[in-house]
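[1] I'd like to go over a predicted model; first the sequence, then the structure.
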Amino acid sequence: METLIAGSNVKVNQEGYLLDFSQWNRTIGEQIAQAEGIVMTPRHWEVIEWLQEQVKADKALSIRGIKKSGVLDIKEFYALFPGGPLKISTKIAGVPKPKSCI
Amino acid sequence: MNKTKVKKMLFILSKATIENVYAAFIMANGARMEGIESEVFFTFFGLEAIQKKKLNNLHVATVGNPAMHIPTMVGGLPGMEALATKMMKKEMEKLDMPPVDEFLEILSASGVKLWACKLAYDMFHLKEEDLIDDLDGILTIGDFYNRADQDGCQIVFI
């Protein structure tokens, strides 16, 4: 379905994840973050960019992958995106929600 | 936002076979990833999963497990458990499932509370240095029930 986020019409799924990454920009990410109760800082954006690179490189996102990333550790990940870090951060990043159970 | 009414998952792990330990760990981690609080209480043989010297040597049960599809007599032959365990670990690694020690680190870093059962700890004559450093403490079952301190708590026995 189509929805209006930060003045742009974007395609999203039922859970509000963007379906087309080319429609993403930071203002949209910011707006999604706000709806999740997160105030974005430069550190948040660093993590978001890293997540987007991983998805572009076709690497599956998982909590174990965060641990091995060398970019941030799991504790920081939970502190930056409380209440389900992987699903919230991917939503902000405009990439699909990871399907893994781990 | 979260639709689930579950706010906190409390797991009691009483067994040390790989399939049970991983079931508990995956559910405990999965809860945190959904924004749900999560804790694990290790009792009886479940304590093996948090003993430094034992946790990376847990086995699959090949006897008394019809889903293994090997005859019980064959499952009891020397080396069968080790072989089945090796095969299962290989499959798990393919799915990027971490080994037990790394999984415990992930759980602890994710905010999962890890508790040892006082009675079983005493019964097996364990010492604190036998257990992992990430352990949050040693509790009685009564203490653990008191961790279910809000609406939406679920206690699961494994």
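    Now that the structure is in, tell me what you want to look at. Only a predicted model underlies this, so the values are computations on that prediction, with no experimental measurement involved. Residues are numbered from 1 along each chain as shown, chains lettered A, B, ... in the order given.

[2] okay, CA-based contacts and neighbour counts for the rest of this
    OK.

[3] B:Ala116 reaches B:Gly137, doesn't it?
    Yes: assessed by CA atoms under 8 Å, B:Ala116 is found in contact with B:Gly137 at 6.4 Å.

[4] out of these two, which sits in the busier spot?
    Between B:Ala116 and B:Gly137, counted using other CA atoms under 10 Å in any protein chain shown, the more crowded position is B:Ala116 (27 against 14).

[5] please identify the buried residues of whichever strand or helix holds the more buried one?
    Under the criterion of DSSP states H and E, B:Ala116 resides in strand B:113-117. By 16 or more other CA atoms under 10 Å in any protein chain shown, the buried positions in strand B:113-117 come out as B:Lys113, B:Leu114, B:Trp115, B:Ala116, B:Cys117.

[6] and that strand, which strands flank it?
    As defined by DSSP bridges, the strand partners of strand B:113-117 come to strand B:37-42 (parallel), strand B:137-139 (parallel).

[7] C-terminal to the last one, what's the next element?
    Moving toward the C-terminus from strand B:137-139, the next helix or strand (DSSP H and E) is helix B:141-145.

[8] export whichever helix or strand comes after that next one as CSV, just CAs?
    Remark: after helix B:141-145, the chain's next helix or strand is strand B:153-157, criterion DSSP H and E. Extracted C-alpha coordinates of strand B:153-157, given in CSV (Å, rounded to 0.1, in the frame of the first residue of the first chain):
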residue,chain,number,x,y,z
CYS,B,153,4.5,-12.7,32.3
GLN,B,154,4.8,-16.2,30.9
ILE,B,155,6.7,-19.1,32.6
VAL,B,156,7.8,-21.9,30.4
PHE,B,157,9.4,-25.2,31.6
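
[9] name the residues that touch strand B:153-157?
    For strand B:153-157, the external contacting residues (CA atoms under 8 Å, 6 or more residues apart in numbering or on different chains) are B:Val6, B:Lys7, B:Lys8, B:Met9, B:Leu10, B:Phe11, B:Ile12, B:Leu13, B:Ser14, B:Ala148.

[10] in three-state terms, label A:Ile38 for me.
    Under the three-state scheme (DSSP: H, G, I helix; E, B strand; the rest coil), A:Ile38 adopts coil.

[11] so it sits against A:Tyr78, correct?
    No: contact criterion CA under 8 Å: A:Ile38 and A:Tyr78 do not qualify, at 11.9 Å.

[12] name the residues of chain A found near chain B, please.
    A:36, A:63-64, A:67, A:74-75, A:78, A:82-87, A:101-102 (CA under 8 Å from any CA of the partner chain).

[13] before we move on, back to that, single out the most deeply packed of the strands paired with strand B:113-117.
    Burial of these is given as mean neighbour count (mean count of other CA atoms under 10 Å in any protein chain shown); strand B:37-42 ranks first at a mean of 24.

[14] residues contacting whatever residue of chain B ends up closest to chain A?
    Using CA to the nearest CA, the closest approach of chain B to chain A is made by B:Gly35 at 3.8 Å. By CA under 8 Å, 6+ apart, B:Gly35 lies in contact with A:Pro82, A:Gly83, A:Gly84, A:Pro85, B:Asn2.
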